[in-house]
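A.B. asks: For reference, the sequence and a predicted model appear below.
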Amino acid sequence: MGDGDQGVLEPEGPFSASPENASPVASTNSSTLPELISSEREEETSRNAVLSENVTSSTGTGSVIEGTQTVMWSRAEFHETTQSEKLCLEVLPSKAAQQDYHMPDVIAVRVQMGSDSFHDVAVKIERPTFRKPFLGGFKNRVTGVEFHNAGSQTVPKKRPEKGTTLFCRETQTVFERNRYQQTTNPTSTQMTKRGLYVSNMSDKLITPGKYLTAEEYHKRRLEAVIVLQKYFRRWHARNVVQNLKEKKRLRLAWEAQEELQRKKEKEDKLRMEQERKLNPKTKEDFELLYHALELWRQEETERINRTLTGAERKAALCGLLEQETELIASIGRHKLNADQDNQQKAVLRFLDKCAQPKRWKACDGKITEMDTQYTLRARELLEIYRSVSMNDIPKDERRDVLLLLRGTVKEHECKLTEEIVELIDRELDLMAREVKECNLEGLRKRICTLFLQYIKIPKFNPEVAKILKVPPDPLKLYKNIHFCRSCENYLPASEFPIPANSRTIGRCHLCCKLDNEARRRESFLKYRLILESLRKSEADYQDDATIVFLVQQQHLQYMIENIWGCQSALSACNDLYDLVMVRWDKQQEWSPWNTILLTKDEADAHLKLDNLQEAYEAPFIHGIKHKHIRAKKYFAQIPVMTSLFHRSDKQANAS
């Protein structure tokens with residue numbers, strides 16, 4: 001490096017780290033030894049150099065130097081160390097060579113132990129095995145001394161041996177290839193002349209073709225483009241037609257499948273309805289049966305009045321009355337059998353409900369179940385009741401069941417348990433005498449009935465107190481008790497159908513049912529299904545709809561029969577099993593003045609509409625609005641509904 005005022009050394013300078021030096025700190029650009037010594041003397045302004053660190057550690061024969069100790073070198077030792085760290089690698093031709101200096105393997109370090117005590121420590125010098133990187137530095141302009149930034153004092157970490165030979169990226173990716181850039185046959189414009197022969201064996205004879213003008217050229221291009229457009233349009237039209245055919249085929253297949261599905265559903269519905277008429281089991285089944293009987297009676301009466309007169313007509317009507325009486329008696333017998341089966345199923349459902357464990361839903365959605373002593377007791381009584389009520393079991397098993405029952409009821413002493421024990425002993429005695437099974441049926445029914453009474457007592461089965469309709473406290477019966485003027489019985493309020501527009505309590509459910517079976521014989525199953533479907537669809541909106549849950553079955557029946565005429569507003573379909581009620585404006589809550597009666601397919605299409613004014617014609621919309629006004633006038637008689645008119649009007653104005 002030449003002389004100059006440059007403060008930071010470059011890596012390409014003449015002074016660089018030597019592998020023989022442990023830690024080069026300073027270097028000089030002087031070429032003679034006297035100048036080097038003079039610069040050193042200027043730096044040694046004090047006789048001793050003191051190095052103070054928080055924690056100083058050296059490797060050698062000495063020990064670890066604590067942070068409170070001070071490391072000192074003598075002047076001679078410091079001079080040797082400084083000399084060892086100086087570099088003289090490049091010598092100018094005009095200057096003398098410097099003397100070679102070698103750092104000793106062991107140096108002595110004096111450590112100050114106290115104020116007046118010192119301790120000499122021998123430090124072993126470790127020779128670096130790698131070339132230290134140049135990390136920059138600066139130059140003292142006054143003295144000309146260059147200082148290099150200190151590097152790391154530790155040996156760099158070696159990579160572990162993987163057992164495979166590694167190459168750099170250039171070795172793995174770069175491929176070199178030599179190519180000649182000169183052409184094989186140089187071109188020239190030389191011709192055969194004196195002193196030069198050019199062969200014509202490879203020459204080609206080119207004759208000019210017909211000259212095309214610009215107009216002819218563009219005309220030919222246009223004709224070619226037209227041909228290409230023809231073929232492309234043909235290909236595109238063929239694809240469009242093919243897609244349309246495929247869509248039509250899929251549409252026709254879907255329509256045929258839907259038609260088959262509707263026919264199948266209708267056939268299944270008719271078959272199920274016929275099965276329910278042949279084997280009635282529920283209240284709805286008997287309603288359908290009485291409704292079919294009434295339709296048959298009306299058809300026969302109309303036929304007799306149309307074809308017969310005088311005495312023949314009266315005789316035919318008497319015969320029709322006898323047939324109707326026989327059919328009613330047959331229906332009554334079926335009803336008695338169904339009531340017995342339903343009663344047994346209801347008892348088992350009641351006992352199973354008592355034996356259910358406690359359930360609650362955790363925050364993570366899992367259901368937790370827990371059995372209490374009361375639920376375990378109810379489950380035990382349920383199993384005993386099932387065993388006692390079973391028929392056609394061997395005598396040994398029946399005897400074991402009776403003994404288990406006697407041991408269970410003997411836990412409590414009362415008149416009921418004494419009577420049960422007496423009946424059990426009587427049956428055991430009769431079984432020992434080999435009495436026929438048919439003669440023991442009455443006795444066994446009495447045992448089941450008394451044991452059921454035993455189960456329904458909260459003292460013996462505490463879990464049943466939460467399910468009994470009759471409260472244990474008789475004083476609670478006087479709160480919600482009403483008098484039925486038809487059957488002249490006092491019944492709870494839950495046994496009365498109370499319309500929203502009624503002011504007094506009418507007949508009970510049983511009297512209304514008997515009146516319907518004797519006179520009108522209507523079936524309310526269709527209206528009940530429509531109301532259930534409507535409430536389920538409104539619950540899916542999750543917009544806090546309340547009006548749909550206030551409307552009762554008789555109100556919905558009035559709307560369908562008197563306002564909508566029992567038919568769809570679009571297709572006039574009169575099959576009530578296929579009709580549903582949906583919102584007229586889906587943005588507002590359902591109400592009798594915001595509804596429309598449609599088939600299921602029409603309802604799905606109606607709910608997908610965004611603008612009703614564009615989808616339907618003005619006369620149709622006017623007819624729907626007129627039906628809404630009639631419904632609002634009818635429901636205005638109900639006090640609960642009047643408070644909801646203003647809310648629906650506000651929603652309509654807001655939308």
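C.D. replies: Alright, I've got the coordinates. Numbering: from 1, shown residues only.
A.B. asks: For Q373, see how far away the residue nearest to K361 when sequence neighbours are not counted is.
C.D. replies: Among residues not flanking K361 along the chain, I367 sits closest, at 5.9 Å (C-beta to C-beta, 6 or more residues apart in numbering). C-beta here means a position set from N, CA and C on the backbone, and glycine is covered the same way. Using C-beta to C-beta, to the nearest Å, we find I367 at a distance of 21 Å from Q373.
A.B. asks: Give me the contact list for stretch 355-368.
C.D. replies: E369, M370, D371, T372, T375, A378, R379, L382, E463 (C-beta atoms under 8 Å, 6 or more residues apart in numbering).
A.B. asks: Same list as before, the residues you listed that is, but in CSV and with neighbour count and pLDDT included.
C.D. replies: CSV is the format used below for the contacts of stretch 355-368 (neighbours: other C-beta atoms under 10 Å; pLDDT from 0 to 100):
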residue, neighbour count, pLDDT
E369, 10, 87
M370, 9, 89
D371, 12, 88
T372, 12, 89
T375, 18, 90
A378, 22, 90
R379, 18, 90
L382, 19, 91
E463, 22, 88
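A.B. asks: Redo those as a markdown table? Include secondary structure.
C.D. replies: Listed next are these as a markdown table, based on DSSP: H, G, I helix; E, B strand; the rest coil:
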| residue | secondary structure |
| --- | --- |
| E369 | strand |
| M370 | strand |
| D371 | coil |
| T372 | coil |
| T375 | helix |
| A378 | helix |
| R379 | helix |
| L382 | helix |
| E463 | helix |
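A.B. asks: SS state for Y490?
C.D. replies: strand.
A.B. asks: I'd assumed F496 was in contact with it.
C.D. replies: No. Using C-beta atoms under 8 Å, Y490 is not in contact with F496, being 11.3 Å away.
A.B. asks: who has more neighbours, the two?
C.D. replies: Neighbours were counted for Y490 and for F496 using other C-beta atoms under 10 Å; F496 has more, 18 against 11.
A.B. asks: Please tabulate the contacts of stretch 355-368 in JSON lines, including the columns distance to V241.
C.D. replies: Shown next, in JSON lines, are those (distance: C-beta to C-beta, whole Å):
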{"residue": "E369", "distance to V241": "64"}
{"residue": "M370", "distance to V241": "69"}
{"residue": "D371", "distance to V241": "71"}
{"residue": "T372", "distance to V241": "74"}
{"residue": "T375", "distance to V241": "71"}
{"residue": "A378", "distance to V241": "73"}
{"residue": "R379", "distance to V241": "71"}
{"residue": "L382", "distance to V241": "71"}
{"residue": "E463", "distance to V241": "73"}
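A.B. asks: Spatially, which two of those are the most separated?
C.D. replies: Greatest spatial distance among these (C-beta to C-beta): M370 and L382, at 18.0 Å.
A.B. asks: Find residues that contact each of Y490 and F496.
C.D. replies: In contact with both Y490 and F496: H482, C484, using C-beta under 8 Å, 6+ apart.
A.B. asks: any idea which of the contacts of stretch 355-368 is closest to S568?
C.D. replies: Nearest to S568 among the contacts of stretch 355-368, with distances taken as C-beta to C-beta, is E369, at 47.4 Å.
A.B. asks: Distance of K445 relative to C354?
C.D. replies: 22 Å.
A.B. asks: ok, now which ones touch Q567?
C.D. replies: C573, N574, L579, L597.
A.B. asks: Give me the pLDDT for the second one.
C.D. replies: The score at N574 is 86. That number is its pLDDT.
A.B. asks: can you count the residues close to it?
C.D. replies: Neighbour tally, N574, other C-beta under 10 Å: 11.
A.B. asks: Surely it forms part of a helix?
C.D. replies: No. Counting by three-state DSSP, N574 falls outside a helix, being coil.
A.B. asks: Return the backbone torsion pair for it.
C.D. replies: N574 adopts backbone torsions of phi -110, psi 20, taken as degrees, to the nearest 10.
A.B. asks: now do the last one
C.D. replies: Comment: the main-chain dihedrals of L597 come out as phi -100, psi 120, following degrees, to the nearest 10.
A.B. asks: of all the contacts of stretch 355-368, which comes closest to Y290?
C.D. replies: L382 (35.7 Å).
A.B. asks: Could you pull out the helices in the stretch 251-400 of the chain for me?
C.D. replies: Ranges of helices within the stretch 251-400 of the chain are 283-307, 310-354, 373-389, 395-409, based on DSSP state H, counting those that start in this stretch.
A.B. asks: again with the stretch 551-655 of the chain
C.D. replies: Counting by DSSP H, counting those that start in this stretch, the helices of the stretch 551-655 of the chain are 553-558, 600-607, 612-615, 618-635, 639-654.
A.B. asks: would a markdown table of these with distance to K410 be doable?
C.D. replies: Output for the helices of the stretch 551-655 of the chain, formatted as a markdown table (distance: least, C-beta to C-beta, whole Å):
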| stretch | distance to K410 |
| --- | --- |
| helix 553-558 | 50 |
| helix 600-607 | 61 |
| helix 612-615 | 74 |
| helix 618-635 | 61 |
| helix 639-654 | 55 |
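A.B. asks: Quick one: closest of those to L222.
C.D. replies: Taking the helices of the stretch 551-655 of the chain one by one with C-beta to C-beta, helix 612-615 is closest: 46.4 Å.
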